[in-house]
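Turn this into a model:
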Amino acid sequence: MTTAHPSTDTRPSLTGPLPAPLRRWGRLLPGVLLSAGVGAVAFGLQIIETVLFAHPWIEGLVIAILMGAGIRLFWTPSSLWTPGVQFSAKTLLEVAVALLGATVSGAAVMALGPVLLLAIVGVVVLAILGGYALGRAFGLPPAMALLVACGNAICGNSAIAAVAPVIEAEGEDVAAAIGFTAVLGILVVLLVPAIGVMLGFDAVKVGVLAGLTVYAVPQVLAAAAPAGMLAVQTGAIVKLVRVLMLGPVCLALGLMRPGKAQGARRPKLKHMAPWFIIVFLILMGLRSAGLIPEVVLPPLQAGVTAMTLVAMAGLGLMVDPRAVVRAGPRVAAVAALSALLIGVLALATIVLILPA
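All right, here's what the predicted structure looks like:
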């Protein structure tokens with residue numbers, strides 16, 4: 001009869017709990033694969049368009065957003081899919097924006113000229129003032145009117161999140177402003193390419209239009225992509241100038257509230273200077289210094305396009321049409337009119353400053 005001895009095998013069990021990083025990636029995988037699948041179908045439809053009509057009438061990025069939003073109308077992703085879809089719509093898109101910096105040189109920024117750079121600042125200031133006036137005219141409280149105005153004028157949800165603690169906005173106001181901005185932002189992304197085609201804009205003008213009107217930095221890629229890489233690069237630079245206005249705007253709003261300055265919370269640095277903007281600037285500096293080889297740019301641009309395609313599908317899947325209802329008619333009207341205002345200011349800037 002043999003005596004059983006305790007096992008001395010110290011190897012990790014294959015059936016034991018997985019390490020934390022693997023568990024996290026495992027949670028992301030279903031949603032990322034779903035977004036990638038929608039993006040692949042959208043890209044396939046773009047190829048079919050190209051074969052049939054010699055060029056795509058609707059770009060794959062736009063198709064991906066529409067497909068994702070269409071799926072969301074009939075199906076709300078469960079907790080199995082949500083982490084990966086959110087990762088695709090946010091983190092993956094931010095990585096794409098960061099890497100885009102390697103394709104932009106300082107010379108491209110200077111090529112915009114000081115007049116256009118000053119005009120971008122002017123558009124932001126006028127959009128904030130006009131948006132705030134619209135909000136007050138529709139009876140919104142001052143804080144709510146400022147949230148909507150800054151979100152439209154600068155960078156959507158990031159601007160709302162940064163401005164909220166400075167003006168001591170209520171949580172309900174922040175949620176309503178962000179909810180409607182998410183839906184309206186998708187509409188702006190879809191309208192920019194169509195307007196560019198209708199008005200016969202070249203790549204630079206489409207890029208400026210996208211950079212001046214689209215809310216979130218990553219969404220500029222989708223709005224400008226149908227006009228080509230030059231439009232994407234121009235849009236990213238113009239949008240970057242808008243984002244850099246967030247710090248001065250928060251400072252000005254804080255100084256305008258002397259009675260509550262001590263009680264107001266300071267906005268988080270990640271909202272005023274998102275990590276992907278910092279990386280974008282670093283890579284742009286390296287490209288300007290000639291430290292990034294030209295040979296890596298084509299595959300890098302292809303990678304940025306692929307990630308953006310997946311991200312646009314995820315963005316569509318994350319859009320909640322019910323957010324419009326929750327925001328209320330007055331907020332919806334003010335946000336829509338504020339978006340129209342910055343659109344008019346952008347078109348005026350293009351007509352007056354850029355050559356025909």
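
okay, CA-based contacts and neighbour counts for the rest of this
OK.

what's the following helix or strand after the worst-scoring helix or strand of the chain on mean pLDDT?
Here the helix or strand of the chain ranked lowest by mean pLDDT, DSSP states H and E is helix 269-272, holding a mean of 54. On the C-terminal side of helix 269-272, the closest following helix or strand by DSSP states H and E is helix 275-288.

Could you list the alpha-carbon positions for the following helix or strand past that following helix in CSV?
Downstream of helix 275-288, the next assigned helix or strand under DSSP H and E is helix 297-318. Below are the C-alpha coordinates for helix 297-318, written out as CSV (Å, rounded to 0.1, in the frame of the first residue of the first chain):
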residue,chain,number,x,y,z
LEU,A,297,5.0,57.3,-41.8
PRO,A,298,2.9,55.2,-44.4
PRO,A,299,2.4,52.2,-42.0
LEU,A,300,1.8,54.6,-39.1
GLN,A,301,-0.9,56.4,-41.1
ALA,A,302,-2.5,53.1,-42.1
GLY,A,303,-2.5,52.1,-38.4
VAL,A,304,-4.1,55.4,-37.4
THR,A,305,-6.8,54.9,-40.0
ALA,A,306,-7.5,51.3,-38.9
MET,A,307,-7.8,52.3,-35.2
THR,A,308,-10.0,55.2,-36.1
LEU,A,309,-12.3,52.9,-38.1
VAL,A,310,-12.7,50.5,-35.1
ALA,A,311,-13.1,53.5,-32.8
MET,A,312,-15.9,55.1,-34.9
ALA,A,313,-17.8,51.8,-34.7
GLY,A,314,-17.4,51.8,-30.9
LEU,A,315,-18.5,55.5,-30.8
GLY,A,316,-21.7,54.7,-32.7
LEU,A,317,-22.4,51.8,-30.4
MET,A,318,-22.0,54.1,-27.4
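
Can you give the contact residues for helix 297-318?
With contact meaning C-alpha atoms under 8 Å, 6 or more residues apart in numbering, helix 297-318 is reached by 32, 35-36, 38-40, 43, 60-62, 64-72, 77, 85-86, 88-90, 92-93, 96-97, 99-100, 102-103, 186, 221-222.

Repeat that for stretch 188-199.
Against stretch 188-199 from outside (C-alpha under 8 Å, 6+ apart): 62, 202, 205-206, 209-210, 213-214, 219-220, 222-224, 226-227.

which ones are touching the residue nearest the centre of the chain?
Nearest to the geometric centre of the chain sits residue 216, at 2.8 Å (C-alpha atoms, centre = their mean). Shown in contact with residue 216 (C-alpha under 8 Å, 6+ apart): 155-158, 185.

Just give me the neighbour total for residue 285.
Residue 285 has 18 neighbouring residues, counting by other C-alpha atoms under 10 Å.

Same check on residue 248?
11.

List the buried residues in the helix or strand harbouring it.
Taking DSSP H and E as the criterion, residue 248 maps to helix 246-255. Within helix 246-255, the residues that count as buried by 16 or more other C-alpha atoms under 10 Å are 246-247, 249-250, 254.

which helices and strands sit right next to that helix?
helix 157-167 (3 or more C-alpha pairs under 8 Å, 6 or more residues apart in numbering; DSSP states H and E).

Between helix 246-255 and the helix it packs on, find me the angle.
Orientation check (axes from the mean of the first three to the mean of the last three C-alpha atoms, to 10 degrees): helix 157-167 against helix 246-255 gives 20 degrees.

So for the host helix or strand of residue 243, mean pLDDT?
In this structure, residue 243 is located in helix 229-244 according to DSSP H and E. Helix 229-244 shows an average pLDDT of 85 in the prediction.

Next one: residue 341 from residue 220, what distance?
Residue 341 is 18 Å from residue 220, where distance means C-alpha to C-alpha, to the nearest Å.

more neighbours, these two?
The residue with more neighbours, out of residue 341 and residue 220, is residue 220; 30 against 21, by other C-alpha under 10 Å.
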